[in-house]
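Chemist: Sequence unavailable; structure follows:
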């Protein structure tokens with residue numbers, strides 16, 4: 001019992017005693033004189049004196065187990081202030097623990113997202129495999145494997161602009177590979193590229209695209225190779241091992257960058273240019289047109305002469321097949337133009353007679369041809385070195401829509417493309433329509449015959465038995481919104497590269 005409890009008990013005892021004394025009866029004393037009986041007045045009772053203070057009881061000498069000595073400082077005391085230790089600089093995150101049984105130290109994960117172009121044109125699937133075990137957990141996987149559903153030959157493009165720093169041809173685990181370093185010294189690596197002869201699993205084919213060598217400057221989206229299974233992936237499904245490394249050469253997980261990457265997207269139009277022109281007109285000129293250009297099938301190739309300048313027409317273009325002109329004439333009638341301009345170097349009487357009643361004005365004009373360069377006689381007397389002529393484009397590209405709305409930052413790439421490659425620009429005041437042709441991001445399908453070579457064309461995927469049977473690809477098609485630097489870089493390099501089929505690995 002402590003002092004406080006003892007004092008409270010003593011106070012209660014005093015109060016009980018006082019109450020008990022005040023309840024006792026007071027005795028009455030009779031007087032000795034005769035006479036009437038008088039009641040004696042009670043004697044005054046003196047109040048009880050307060051109880052003397054009790055002596056404090058010494059507490060027990062045995063302290064309870066739960067009571068700890070009071071070490072708090074008195075209220076008027078001042079605790080000493082300890083000096084503050086300096087704050088240590090932040091340390092990089094520790095590497096994650098390796099898988100059970102791993103004999104390597106995992107790399108530190110750095111979360112970085114880069115602006116990239118997706119490195120494959122076609123149907124793909126991939127997941128975040130960065131850091132997985134390889135070779136019985138003796139090494140770590142420092143990239144992402146992009147699968148192509150067993151298809152070889154799909155185009156591989158540069159994920160960013162830069163300089164080619166290294167090329168390997170069937171060397172070690174990487175097999176055929178390319179490294180590209182950007183201006184800010186970030187690097188992308190492309191492993192297991194194809195080096196097999198198309199249609200086989202036997203090496204003997206150039207593993208990089210023509211013109212790609214160490215020191216070459218490449219643009220984002222430019223064709224650099226094809227999907228294969230070279231190196232240590234010879235016994236696995238065809239895929240691309242893609243790596244991203246920072247300025248110090250440290251591997252970075254590229255999964256998030258790939259998820260946000262820009263895709264190379266375009267379409268193939270039919271190899272029948274007459275049918276393709278009608279399809280474009282129906283998609284982009286649904287409400288008719290006041291002005292229409294008309295050209296025959298025979299004269300159309302003159303409009304897309306390679307390495308001159310693009311034919312830029314501010315109206316829809318209809319191509320007429322002389323053997324079957326009715327579909328084109330029906331489309332011109334639907335457009336209901338007030339003026340028709342026929343591009344021809346001949347006198348197409350048969351055509352003029354058919355269109356004389358279709359518009360208020362029907363005119364003819366010469367097909368635009370290549371400009372003639374002036375001849376300098378001084379140079380004719382010199383021995384000029386022979387220059388190997390550049391391979392003409394395999395196909396022409398048609399760009400339609402509001403090309404005046406192409407971003408100013410992309411105008412240089414657009415102008416360079418239409419000057420160097422076979423192209424036709426159809427300017428319109430409305431946005432061009434998409435999804436009217438064969439999409440670039442597809443594949444022959446899982447049920448396609450694996451023993452054949454497959455070619456992506458405007459008429460769909462066409463199979464052949466040998467490399468000597470190469471079908472016409474048709475015409476590449478871009479809307480003004482698809483005229484991006486990476487799409488133009490890809491189509492420009494694809495047009496200058498020999499055709500490549502796809503086949504099952």
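Modeler: Ah, there it is. If you're wondering where the values come from, they're calculated on a predicted model, not measured in any experiment.
Chemist: And the helices in the stretch 351-500 of the chain, which stretches?
Modeler: Under the criterion DSSP state H, counting those that start in this stretch, helices of the stretch 351-500 of the chain are mapped to 377-380, 411-420, 485-495.
Chemist: ok, residues contacting the second one?
Modeler: Taking CB atoms under 8 Å, 6 or more residues apart in numbering as the criterion, the residues outside helix 411-420 that touch it are 307, 309-310, 312, 397, 399, 403, 406, 423, 425, 483, 485, 488-489, 491-492. C-beta: built from backbone N, CA, C; applies to glycine.
Chemist: now the helices for the stretch 151-300 of the chain?
Modeler: 255-259, 273-284, 300-303.
Chemist: Nearest to residue 340, out of the ones you listed?
Modeler: Across the helices of the stretch 151-300 of the chain, residue 340 has its closest neighbour in helix 273-284 (13.2 Å, CB to CB).
Chemist: before we move on, back to that, same list (the helices of the stretch 151-300 of the chain) but as TSV, adding distance to residue 477.
Modeler: Formatted as TSV, the helices of the stretch 151-300 of the chain follow (distance: least, CB to CB, whole Å):
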stretch	distance to residue 477
helix 255-259	26
helix 273-284	8
helix 300-303	15
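Chemist: now the ones you listed as TSV including mean neighbour count?
Modeler: Listed next are the helices of the stretch 151-300 of the chain as TSV, based on neighbours: other CB atoms under 10 Å:
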stretch	mean neighbour count
helix 255-259	17
helix 273-284	21
helix 300-303	18
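Chemist: now these in a markdown table, with mean pLDDT?
Modeler: A markdown table is the format used below for the helices of the stretch 151-300 of the chain (pLDDT from 0 to 100):
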| stretch | mean pLDDT |
| --- | --- |
| helix 255-259 | 93 |
| helix 273-284 | 95 |
| helix 300-303 | 85 |
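Chemist: Where does the prediction get shaky in the chain?
Modeler: The chain contains residues with pLDDT under 70 at 1-4, 6, 14, 16, 19-106, 131-139, 141, 171, 305-310, 369-391.
Chemist: Counting neighbours, which bits of the longest strand that it contains end up buried?
Modeler: Determined from DSSP state E, the single longest strand within the chain is strand 162-171. Burial within strand 162-171, assessed by neighbour count using 16 or more other CB atoms under 10 Å, is assigned to 162, 164, 167-168.
Chemist: And the contacts of helix 411-420, which of them are buried?
Modeler: If we count by 16+ other CB under 10 Å, these have these buried: 310, 397, 399, 403, 406, 423, 425, 483, 485, 488-489, 491-492.
Chemist: State the distance from the nearest residue to residue 494 once chain neighbours are set aside to residue 212.
Modeler: Taking CB to CB, 6 or more residues apart in numbering as the measure, residue 494 lies nearest to residue 223, with 5.6 Å between them; neighbours along the chain are not counted. Taking CB to CB, to the nearest Å as the measure, residue 223 falls 8 Å from residue 212.
Chemist: Tell me which residues touch the closest residue to residue 429 other than its chain neighbours, please.
Modeler: Residue nearest to residue 429 in three dimensions, not counting chain neighbours: residue 402, with 6.8 Å by CB to CB, 6+ apart. Taking CB under 8 Å, 6+ apart as the criterion, residue 402 is in contact with 427-432, 480.
Chemist: Pick the one among those closest to residue 328.
Modeler: residue 428 (19.0 Å).
Chemist: Could you list everything the residue nearest to that closest one when sequence neighbours are not counted pairs with in the sheet?
Modeler: Nearest in space to residue 428, with sequence neighbours left out and distances taken as CB to CB, 6+ apart, is residue 401 at 5.6 Å. Beta-bridge pairing for residue 401 (DSSP bridges): residue 427.
Chemist: what's the burial count for residue 401?
Modeler: 24 (other CB atoms under 10 Å).
Chemist: before we move on, what about residue 470?
Modeler: 16.
Chemist: my read: it touches residue 457, true?
Modeler: No - the criterion here is CB atoms under 8 Å, and residue 470 misses it with residue 457 at 10.0 Å.
Chemist: Tell me how this structure divides into domains.
Modeler: Residue ranges for the domains of the chain, per automatic domain parsing: 125-259, 267-370+391-504.
Chemist: Show me the residue at the heart of this protein, geometrically.
Modeler: Centroid-nearest residue in the chain: residue 260, 1.8 Å away (criterion: CA atoms, centre = their mean).
Chemist: for that residue, what are its contacts?
Modeler: 113, 115-116.
Chemist: Out of these, which sit inside strands?
Modeler: Per DSSP E, the contacts of residue 260 never map to strands.
Chemist: Of the residues you listed, keep whichever come out buried.
Modeler: The buried subset of those (16+ other CB under 10 Å) comprises residue 116.
Chemist: Now flag whichever of the contacts of residue 260 is closest to residue 269.
Modeler: residue 116 (28.6 Å).
Chemist: That closest one contacts residue 255, doesn't it?
Modeler: No - in this structure residue 116 lies outside contact range of residue 255 using CB under 8 Å: 11.4 Å.
Chemist: Narrow the contacts of residue 402 to just the buried residues.
Modeler: 428, 432, 480.
Chemist: Would you reformat the residues you listed as CSV and include distance to residue 191?
Modeler: As requested, the buried ones among the contacts of residue 402 are arranged in CSV below (distance: CB to CB, whole Å):
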residue, distance to residue 191
428, 44
432, 38
480, 36
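Chemist: what's the closest of those to residue 303?
Modeler: Nearest member of the buried ones among the contacts of residue 402 to residue 303, counting by CB to CB, is residue 428, at 17.4 Å.
Chemist: list the contacts for that closest one?
Modeler: Residue 428 neighbours (CB under 8 Å, 6+ apart): 284-285, 316, 400-402.
Chemist: cool, residue 443 as well?
Modeler: Here residue 443 is in contact with 122-123, 148-149, 151, 154, 461, 502 (criterion: CB under 8 Å, 6+ apart).
Chemist: Now intersect those residues with the strands, please.
Modeler: 151, 461.
Chemist: Which two of the contacts of residue 443 have the greatest separation?
Modeler: Largest pairwise distance in these, by CB to CB, is 14.5 Å, between 148 and 461.
Chemist: Looking at those two, which has the bigger crowd around it?
Modeler: Set side by side, residue 148 and residue 461 show more neighbours around residue 148, with 23 against 18, by other CB under 10 Å.
Chemist: now that one: how far from residue 227?
Modeler: Distance from residue 148 to residue 227, by CB to CB: 5 Å.
Chemist: try residue 326
Modeler: Relative to residue 227, and taking CB to CB, residue 326 is found at 44 Å.
Chemist: Ok, residue 429 next?
Modeler: Following CB to CB, the distance that separates residue 429 from residue 227 is 41 Å.
Chemist: same question, residue 277
Modeler: 34 Å.
Chemist: same question, residue 210
Modeler: 17 Å.
Chemist: and those two? which has more neighbours close in?
Modeler: residue 227 (27 against 12).
Chemist: So what pairs up with the closest residue in space to residue 225 that isn't next to it in sequence in the strands?
Modeler: Spatial nearest neighbour of residue 225, chain neighbours left out: residue 193 (4.1 Å); criterion: CB to CB, 6+ apart. For residue 193, the beta-bridge partners are residue 176, residue 227 (DSSP bridges).
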